[in-house]
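[1] pasted the sequence and its predicted model underneath.
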Amino acid sequence: MVCSRCGVACCGKEGHSHGIARKVTRITEKIVPETPMAAITTSRLTQYATDRMAECAAGSTINQELAAIRRAFRLALRSRELATMPHVPMLKLSNVRKGFFERAEFDAVLTHLPQSLRGPFTFAFFTGWRTKSEVFTLQWSQVDREVKAVRLEAGTTKNDEPRTLPYGQLAELVTVIDDAWKLHEKLQSADVLSPYVFPREDGRPWKDGFYDAWHAATEAAGCPGKIPHDFRRTAARNLVRRGVPEKVAMQVTGHKTRSIFDRYNIVVEKDVADALGKLSTQPQVEEPKRKGVVRRFRKRQEAG
């Protein structure tokens, strides 16, 4: 499959060709209008990054744009539309993930949220699922209420891998799903058919409309600056803290690579303090004394 706009082979995944096309077109038009990809060099890409920084573009945004054109080049190489590709420079960013929620902070924010948003954010807090693309898009066809399991099919997640969450062991999640089903039945009685597990009160999907309510709730709770994606980092940290094997924790949250998971598993000052506290409370272990007699051996005199 070749994208009609940027002229490079695409992986075929829905939406990818258009996303790559938009970013590649934006970059090539800023380098030289109507520049073919074969004429783009590393120096031109470096100059592009410099110009974007002068425009006060965020470093992460610049890297996403450069990553898009790098992806386009690799797809073109794979389909043999290009013989070579230039080195695509990337900005070095200090983007270690820092935000997380303590339980008291989460409970405080929850009390200031509308009732229809408490369920999905509680679900995200415990599971670490991506709020916008996995929680708010969740549909009842993916929920088995009898066996108490939620399933994400292959291709619907960011890493394209299926995921199953048996939620029956966690009372909070059972309550969240049961309350969501009650709302679903209420909407059905009003002749409103919504396939979503966590819709608005009138059955419409949330999409991006929850941000205003979220910002108001975090301000009122004294947690300004917190974002829904902090739940993802929080869940990863909480699972590891409670002794869940990291491989299992990654399956719960949907992290595919260990390096990405490590960036979310944040060690906070309280963790370090608790570790040092164990040194003071743990009894000192004395090394066992060795038994026996130490004999001294005379050094042999060398023959004269």
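    Looks like it came in fine. Numbers count the residues shown, from 1 in each chain.

[2] domain ranges for the protein?
    Segmentation of the chain into domains, based on automatic domain parsing, reads 1-95, 103-264.

[3] pick out the shakiest of those domains, pLDDT-wise.
    Ranked by mean pLDDT, these bottom out at domain 1-95, which scores a mean of 75.

[4] need the domains of the chain in CSV (columns: mean neighbour count and distance to Ala275).
    For every residue, glycine as well, the C-beta is placed using N, CA and C. Converted to CSV, the domains of the chain look like this (neighbours: other CB atoms under 10 Å; distance: least, CB to CB, whole Å):
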stretch, mean neighbour count, distance to Ala275
domain 1-95, 15, 25
domain 103-264, 16, 12
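
[5] got a markdown table for those, with distance to Arg296 too?
    Shown next, in a markdown table, are the domains of the chain (distance: least, CB to CB, whole Å):
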| stretch | distance to Arg296 |
| --- | --- |
| domain 1-95 | 61 |
| domain 103-264 | 52 |
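
[6] which phi and psi does the residue nearest to Ala149 when sequence neighbours are not counted have?
    Once flanking residues are discounted, Ala149 sits nearest to Pro166: 4.8 Å by CB to CB, 6 or more residues apart in numbering. When quoted as degrees, to the nearest 10, the phi and psi of Pro166 stand at phi -80, psi 110.

[7] one more: Tyr196?
    Backbone torsions of Tyr196, given as degrees, to the nearest 10, read phi -90, psi 140.

[8] same check on Arg258?
    Torsion angles, degrees, to the nearest 10, at Arg258: phi -70, psi -40.

[9] do Phe125 as well
    According to degrees, to the nearest 10, Phe125 has phi -60, psi -40.

[10] in which helix or strand does the residue nearest to it when sequence neighbours are not counted reside?
    Ranked by CB to CB, 6+ apart and with sequence neighbours excluded, the top spatial neighbour of Phe125 is Phe231, at 4.9 Å. According to DSSP states H and E, Phe231 maps onto helix 230-241.

[11] centre of the chain versus that helix, how much separation?
    The chain centroid and the centroid of helix 230-241 are separated by 11 Å under CA atoms, centre = their mean, to the nearest Å.

[12] how much space separates the residue nearest to Gly119 when sequence neighbours are not counted from Leu183?
    Spatial nearest neighbour of Gly119, chain neighbours left out: Val176 (4.7 Å); criterion: CB to CB, 6+ apart. Here Val176 is placed at a distance of 11 Å from Leu183 (CB to CB, to the nearest Å).

[13] tell me the SS of the closest residue to Ser194 other than its chain neighbours?
    Distance criterion CB to CB, 6+ apart; nearest residue to Ser194, sequence neighbours excluded, is Gly203 at 3.7 Å. Under DSSP: H, G, I helix; E, B strand; the rest coil, Gly203 falls in the coil class.

[14] for Gln139, see how far away Gly203 is.
    For Gly203, the distance to Gln139 - CB to CB - is 13 Å.

[15] now list whatever residues contact both of the two.
    Residues touching both Gly203 and Gln139 (CB atoms under 8 Å, 6 or more residues apart in numbering): Tyr196.

[16] mind listing the helices for the stretch 201-304 of the chain?
    For the stretch 201-304 of the chain, applying DSSP state H, counting those that start in this stretch gives helices covering 211-220, 230-241, 246-253, 258-264, 269-281.

[17] I'd like those written out as JSON lines, with distance to Phe198 added.
    Putting the helices of the stretch 201-304 of the chain into JSON lines (distance: least, CB to CB, whole Å) gives the following:
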{"stretch": "helix 211-220", "distance to Phe198": "13"}
{"stretch": "helix 230-241", "distance to Phe198": "14"}
{"stretch": "helix 246-253", "distance to Phe198": "18"}
{"stretch": "helix 258-264", "distance to Phe198": "23"}
{"stretch": "helix 269-281", "distance to Phe198": "31"}
